[in-house]
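Undergrad: I'll drop the sequence and a predicted model, then ask my questions.
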Amino acid sequence: MTKFVKIALAAALALGVTATTAQADSRKGQKIFIKKLKSPCGMNGDKFAAKHSQDEWKEIKDSGNFENEIIKICPKVKKGSIKKSWQGHLFDFAYEYANDSGNVPSC
């Protein structure tokens, strides 16, 4: 019985760790925006995120047009230059600081 409990606890711990790292993060999105998109966009993160409301950002992401919307807002950004691994973080950043959120980023 104790062997089973140890295996169950180890599995739960492993699952908890992998689930946490798989989630997107608005702070990471802000760092990615500052490092990779601020210059080509020619605007700060607050102006970028405020281009849409939270519902609009969610609709854009759900329709699969998030990268295209970034390119539309920032014409100097080229198709394919936004890595898939960045998109979740960038979405969380845009959603967190959308024009109807009341939040203002520090970038």
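TA: Happy to help now that I have it. Numbering: from 1, shown residues only.
Undergrad: residues near Gln23, how many?
TA: Other residues near Gln23 number 9, with proximity taken as other Cβ atoms under 10 Å. C-beta coordinates here come from the backbone N, C-alpha and C atoms, glycine included.
Undergrad: what segments of this structure are strands?
TA: Using DSSP state E, no strands are found in the chain.
Undergrad: check contacts around the spatially most central residue of it.
TA: By Cα atoms, centre = their mean, the chain has its centre lying nearest to His89, at 1.9 Å. Residues near His89 by Cβ atoms under 8 Å, 6 or more residues apart in numbering: Ala24, Asp25, Ser26, Lys28, Gly29, Ile32.
Undergrad: buried ones in stretch 29-45?
TA: If you call a residue buried by 16 or more other Cβ atoms under 10 Å, then stretch 29-45 has these buried ones: Gly29, Gln30, Ile32, Phe33, Ile34, Lys36, Leu37, Lys38, Cys41, Met43, Asn44, Gly45.
Undergrad: ok, now stretch 69-81?
TA: Glu69, Ile70, Ile71, Ile73, Cys74, Val77.
Undergrad: among these, which ones are in helices?
TA: Of the positions in the buried residues of stretch 69-81, Glu69, Ile70, Ile71, Ile73 sit in helices, assigned by DSSP state H.
Undergrad: out of the residues you listed, which is nearest to Lys51?
TA: Checking these against Lys51 by Cβ to Cβ gives Ile73 as the nearest, at 5.6 Å.
Undergrad: how near is the closest one to Asn44?
TA: Applying Cβ to Cβ, to the nearest Å, the value for Ile73 to Asn44 is 13 Å.
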